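Trainee: The amino acid sequence is not available; the structure is as follows:
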């Protein structure tokens with residue numbers, strides 16, 4: 001069944017790939033990105049050309065996830081044009097690389113804003129619509145670093161993604177009784193095919209970073225990057241993340257997996273998350289809230305009540 005889908009951070013990387021794959025699967029996709037008349041104008045044009053060439057319904061929408069006003073306008077536009085909103089995909093994110101001490105608190109706050117607070121802005125704009133519809137799907141693009149291997153010099157990013165993952169888990173429980181389902185996609189380390197590493201931020205305190213490079217950790221930056229690249233299989237394909245998102249979206253309501261791992265490096269996150277999610281689920285069962293583990297089919301409830 002054709003769905004109306006909004007995806008954040010869709011100018012490049014996983015977001016752009018997923019937007020195109022979902023459109024090709026027959027859905028109406030709104031690829032959210034900021035500054036569509038300016039820096040992302042080429043991406044808007046590329047999406048338009050893709051839609052025309054493939055004869056699919058891929059649209060772009062101005063959505064700066066750092067602005068509640070921008071997010072509100074984008075969601076309102078989507079609902080006005082399409083009459084509903086079925087799927088929200090939290091994909092926007094940013095990576096930084098360098099010794100944690102060399103990043104200023106302001107940089108960490110900005111990273112947390114992009115990776116975590118942005119999801120809150122989107123949820124506050126979109127969830128009222130999904131709750132009114134009594135059905136919907138929220139997809140979160142997390143990271144294997146939240147439970148798997150964590151190489152050095154990526155701690156601010158890892159901390160932010162862990163915060164996003166924690167938000168996803170708690171939101172999932174609070175939305176099931178509203179008929180809203182949750183799936184968390186967990187990509188591993190893809191060192192190629194996206195701009196994640198190429199466009200990663202660097203520490204603002206260059207002097208502090210230089211101390212690390214000249215001292216006991218001299219060469220650690222290069223060692224980390226080489227080690228990261230070495231464990232990624234040469235045939236690791238970032239489009240598999242987009243394929244996983246399409247598969248989840250196309251599944252029947254109530255049958256979607258809570259987590260989907262797409263990890264070419266096999267860093268152990270699937271094992272760790274299995275334990276973590278089971279512990280969390282068991283607590284809900286112990287306190288009599290196990291119905292929060294499954295999305296409620298409110299349409300079926302209405303039919304049975306009648």
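Mentor: Okay, I see it. Just so it is clear, the structure is predicted and the values come from calculations on it, not from any experiment.
Trainee: going forward, measure contacts between C-alpha atoms and count neighbours the same way
Mentor: Fine.
Trainee: Please look at residue 200 and residue 97 and confirm they touch.
Mentor: Yes - Residue 200 lies in contact with residue 97 (CA atoms under 8 Å); the separation is 6.3 Å.
Trainee: now residue 158, nearest residue through space, not along the chain?
Mentor: Nearest non-adjacent residue to residue 158, counting by CA to CA, 6 or more residues apart in numbering: residue 145, 6.0 Å away.
Trainee: is it fair to say that neighbour lies in a helix?
Mentor: Yes - looking at residue 145 with DSSP: H, G, I helix; E, B strand; the rest coil, it is inside a helix.
Trainee: Between residue 200 and residue 97, point out the one with more neighbours.
Mentor: Legend: neighbour count by other CA atoms under 10 Å for residue 200 and residue 97, higher for residue 97 (20 against 14).
Trainee: Contacts only, for residue 161.
Mentor: 115-116, 142-143, 145-146 (CA atoms under 8 Å, 6 or more residues apart in numbering).
Trainee: oh sorry, the question was meant for residue 57
Mentor: Counted by CA under 8 Å, 6+ apart, residue 57 has contacts 23, 26-29, 51.
Trainee: What distance do you get for it to residue 85?
Mentor: Distance of residue 57 to residue 85, computed by CA to CA, to the nearest Å: 15 Å.
Trainee: can you check residue 47 too?
Mentor: In terms of CA to CA, residue 47 sits 20 Å off from residue 85.
Trainee: For this structure, which helix or strand comes out least confident on mean pLDDT?
Mentor: Every helix and strand of the chain was ranked by mean pLDDT, DSSP states H and E. The lowest is helix 298-305, at a mean of 71.
Trainee: Run through the stretch 51-200 of the chain and note the low-pLDDT ranges.
Mentor: Scanning the stretch 51-200 of the chain for pLDDT under 70 picks out 191-198.
Trainee: how about the helices in it?
Mentor: Ranges of helices within the stretch 51-200 of the chain are 68-82, 105-112, 118-133, 155-175, based on DSSP state H, counting those that start in this stretch.
Trainee: Give the partner strands of the lengthiest strand in the chain in its sheet and their orientations.
Mentor: Counting residues, the longest strand found in the chain (DSSP state E) is strand 180-187. Here strand 180-187 is paired, per DSSP bridges, with strand 136-141 (parallel), strand 259-262 (parallel).
Trainee: in what helix or strand does residue 233 lie?
Mentor: Using DSSP states H and E, residue 233 maps to neither a helix nor a strand.
Trainee: Might one say that it is in contact with residue 266?
Mentor: No - applying CA under 8 Å as the test, residue 233 and residue 266 come out as separate, 10.2 Å apart.
Trainee: neighbour count winner among those two?
Mentor: residue 266 (17 against 12).
Trainee: Relative to residue 248, how far out is the residue lying closest to residue 79 once chain neighbours are set aside?
Mentor: Among residues not flanking residue 79 along the chain, residue 85 sits closest, at 6.1 Å (CA to CA, 6+ apart). Distance check for residue 85 against residue 248: by CA to CA, it reads 16 Å.
Trainee: before we move on, what about residue 242?
Mentor: 10 Å.
Trainee: what do you get for residue 172?
Mentor: For residue 172, the distance to residue 248 - CA to CA - is 15 Å.
Trainee: For stretch 243-252, give the mean pLDDT please.
Mentor: Mean pLDDT, computed over stretch 243-252, is 98.
Trainee: what's next to that stretch, contact-wise?
Mentor: 1, 18, 21-22, 25, 87, 137, 139, 183, 185, 256-257, 260, 262.
Trainee: let's go with 7 Å and repeat that
Mentor: When contacts are defined by CA atoms under 7 Å, 6 or more residues apart in numbering, stretch 243-252 is touched by residues 18, 21-22, 256.
Trainee: Before I go, just wanted to say thanks for your time.
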